[in-house]
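Visitor: sequence unknown, structure follows:
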């Protein structure tokens, strides 16, 4: 009979605590809510905690929203009048909100601000916050992708560890040499997953070959996709590349099961902690010697919802967040999207060397879009990648189909 | 009592089945103990070279798991309470009659839970926000879960009531009991085991509920453990060992409790009130 | 005739009030959202108009567009394969295990309790574990298959279009077996043992006893379990999200995941709702079958 007693007790407890705790909400006049995907070790919650310690009279509440749900939650909240005041949104999705007037136009406020100066930002990240020439936000941080490589494996296979692959042909060649099925080593790890990560990884290749999302079926892009196909077909990369995100595919590099990996600076701390080998970072190889460089541009932007009841206070909070950009790298391991913050050495030689490469690569980073229907464009690209890599279409057919779908979206 | 050879053989076979079935659980446990890159090592190690035992304490502390699990318990108990109160009577009536209305009722109840929570959440969020229920987020989640899981409960408990012989109830009526009395004094106690098993199944589902909690509960202090778990996962971070350690802590106590409880419930059924 | 009050205590009024309250609750909390989805499938839905019921109606345009997409039919076919295989696997294995543990050897009830792990585990966790186990290079399933000599190379459960759906089905069978087993165990334990004793005296063998006693006595349990199994399988979402994301190239995509993907990845809410309405139609058909099957055995 004990069970029933406990069940009743538990139920009573649950009810009691419900009634107790729901009353607590509702605070004073200027409470600003901020949403982002940042968890404890990332900037948003820490900066906000610091801000609240300043006792400016503005109270900031923070909510962590998982990456996958951020946009959905925001759409739903905005539609029902429950949007937060400030949000950190992934840069390709910024235009979705900005173009519809869901974000506050900050152009005039920024013009008067002494803290936020548009001219100090890298052009790519800045462009992603703008819509029709107006400012609808501020870049929060930025990142890009480059080529990690295992120097020990390069040595073991007779490759020069100080001369990583420069061109696509060299990359394929190196991947062939480094692949060693007996030792469970793939030549290269990357992500062709059917989500934004796949697009993020593929677009730089297409762009280096002269294509763009508006024009995705050029010969160059076909060649790029063919090279990806070579990686998969010859088993130079794991077939699971198709369903694995960047984090998991880079982890195989860290564990010594892939000799090279295409990934971003967010991996640096993990790699320093885990990799038991000598490694380096190189710029993404280009189609041929002297070709145009390109890379992806990632990370989030700050924006204020147009529905906010306290636009001035929200802007003050935003200014505070921006004023702390110099801590972005030191405290949180993220790259500020600004040219005026000098790069500070961390004292970790591998990491410092890698960072220099990422900063160089960042100069070539291009935003995805901006376009309000970016998710549909991205989906078309993902489908092309997957159709080609699974062998269900040729690279040409797949990209032609993607181009057709994108044309419909672009109108 | 001496066990026959047959019984020993059965036990051995059962152990093998259980081992196979529990392998994923074992894998969760082992993955938690592996260091970050050992997880991705190929071939995988069935037991880590240097088990990282401290991960459990780390995860418990860093992730504030005590608070999360408390919230999960509140939500799960609340959902069970609402469902049991509303669902039992409904199941009883649906078991008692045989006519077109019962068919319609059963049909409606099944129909209403066809869509996955991920598709129901938008309208529920909209509706709750309009009536101001989002001010009481855990209550909102309890109600949403109750609506989601009640059909399941009703269908199960209905089968339990159907195995209560109606003659017993009629005998009660003859003895001067009212219908209400007959329900509480005869039908309910006899179907008790079925009700408790169903309630426990509901409890466990509610304990792991994710989709509604994620959208309806915005304040971290009120979120359940499933949300805490999800914050490990992201496009650029996947701390698999932490995820698995968290999951282990999350699941084990419930599992142990259930193994202890189910013994008395299900084995009690064979010898219990029904005979 | 008695008054209303005594009718509440003593007659149909009591029954009606017992049913009316939960039904009202369900109609409000599940019925309205369902209608919202159905309406949306006939509407033109703007990203920022989620907060209302009323949007411009476009007739069957969403349906027409949906069926013009090349991936639609393959995805519905996948859904059918997924549902049928998952239910069959879960039910047969669950029934087998329930019968096995029913024989009541020492330790049976303890071990049976352990099988409930999969029910206890949140879908999120189950998905994570299985995406691990099924992974191609370092997945432990491949490791075991290789070591035992069943396969030569690695099977890329998640990434090979020929296997991806089956990978998820495998995980889902694991997930649902315990549910089937425990409910079938409860059903089995309700069968009076004297029936079997009598049959044994009559010289019926094990198979005959199973066919003439167990199956008929279990009919209502089996009906309920299969109906719930259908609904649970159609709701299975976490495993797809964790293991394959419906990929590669939609080879493991099913209606419920696709509906979510359309709504919340491409923000095409109307299409997502359209897919969910088609799912509802299927479940309506299945529910009718279930209700009919339980009809003639409601006790008199």
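Guide: Nice, thanks for sending it over. Keep in mind the model is a prediction, meaning the values are calculated, not measured.
Visitor: Would you report the backbone torsion angles of the residue nearest the centre of chain B?
Guide: In chain B, the centroid-proximal residue (Cα atoms, centre = their mean) is residue B:204; its distance is 1.9 Å. Here the main-chain torsion angles of residue B:204 (degrees, to the nearest 10) amount to phi -70, psi -40.
Visitor: Next: residue A:188.
Guide: Per degrees, to the nearest 10, the residue geometry at residue A:188, taken as phi and psi, is phi -150, psi 150.
Visitor: Run through the residues that contact it.
Guide: Residue A:188 makes contacts with A:171, A:175, A:178, A:231, A:236, A:237, A:258, A:259, A:260, A:261, A:262, as judged by Cβ atoms under 8 Å, 6 or more residues apart in numbering or on different chains. For every residue, glycine as well, the C-beta is placed using N, CA and C.
Visitor: Relative to residue A:208, how far out is the residue nearest to the second one when sequence neighbours are not counted?
Guide: Counting by Cβ to Cβ, 6 or more residues apart in numbering or on different chains, the nearest residue to residue A:175 once its immediate chain neighbours are dropped is residue A:187, at 3.0 Å. From residue A:187 over to residue A:208 the distance is 20 Å, taken as Cβ to Cβ, to the nearest Å.
Visitor: cool, and residue B:126?
Guide: Distance from residue B:126 to residue A:208, by Cβ to Cβ: 45 Å.
Visitor: hey, what's residue A:302 bridged with?
Guide: Partner residues in beta bridges with residue A:302, using DSSP bridges, are residue A:88, residue A:138.
Visitor: Around chain B, which positions in the stretch 201-350 of chain A sit nearby?
Guide: Residues of the stretch 201-350 of chain A lying near chain B by Cβ under 8 Å from any Cβ of the partner chain: A:245-248, A:251-252, A:254-257, A:264, A:266-267, A:270, A:273-276.
Visitor: at 7 Å instead, please
Guide: With Cβ under 7 Å from any Cβ of the partner chain as the criterion, the stretch 201-350 of chain A comes near chain B at residues A:245, A:246, A:247, A:248, A:251, A:252, A:254, A:255, A:257, A:266, A:270, A:274.
Visitor: which pair in those spans the largest distance?
Guide: The widest separation within those, taken as Cβ to Cβ, falls between A:257 and A:266 and amounts to 19.9 Å.
Visitor: Got phi/psi on residue C:157?
Guide: With angles defined as degrees, to the nearest 10, residue C:157 shows backbone torsions of phi -50, psi -40.
Visitor: Test my guess that it contacts residue C:133.
Guide: No: Residue C:157 is not in contact with residue C:133 according to Cβ atoms under 7 Å; the separation is 8.6 Å.
Visitor: Now the common contact residues for these two.
Guide: Overlap between the neighbourhoods of residue C:157 and residue C:133 consists of residue C:139, taking contacts as Cβ atoms under 7 Å, 6 or more residues apart in numbering or on different chains.
Visitor: Just want to know which of those two has more residues nearby.
Guide: residue C:157 (28 against 25; other Cβ atoms under 10 Å in any protein chain shown).
Visitor: How much space separates the more buried one from residue C:233?
Guide: Between residue C:157 and residue C:233 the computed distance is 19 Å (Cβ to Cβ).
Visitor: quick one on the thing from earlier: does the residue nearest to residue A:175 belong to a helix or a strand, and which?
Guide: strand A:186-189 (DSSP states H and E).
Visitor: quick check: mean pLDDT across that strand?
Guide: Per-residue confidence for strand A:186-189 averages out to 95 on the pLDDT scale.
Visitor: Over to stretch C:196-207?
Guide: Rounded to a whole number, the mean pLDDT of stretch C:196-207 is 83.
Visitor: Show me the shaky parts of the stretch 1-150 of chain B.
Guide: Applying pLDDT under 70 to the stretch 1-150 of chain B picks out residues B:1-3, B:42.
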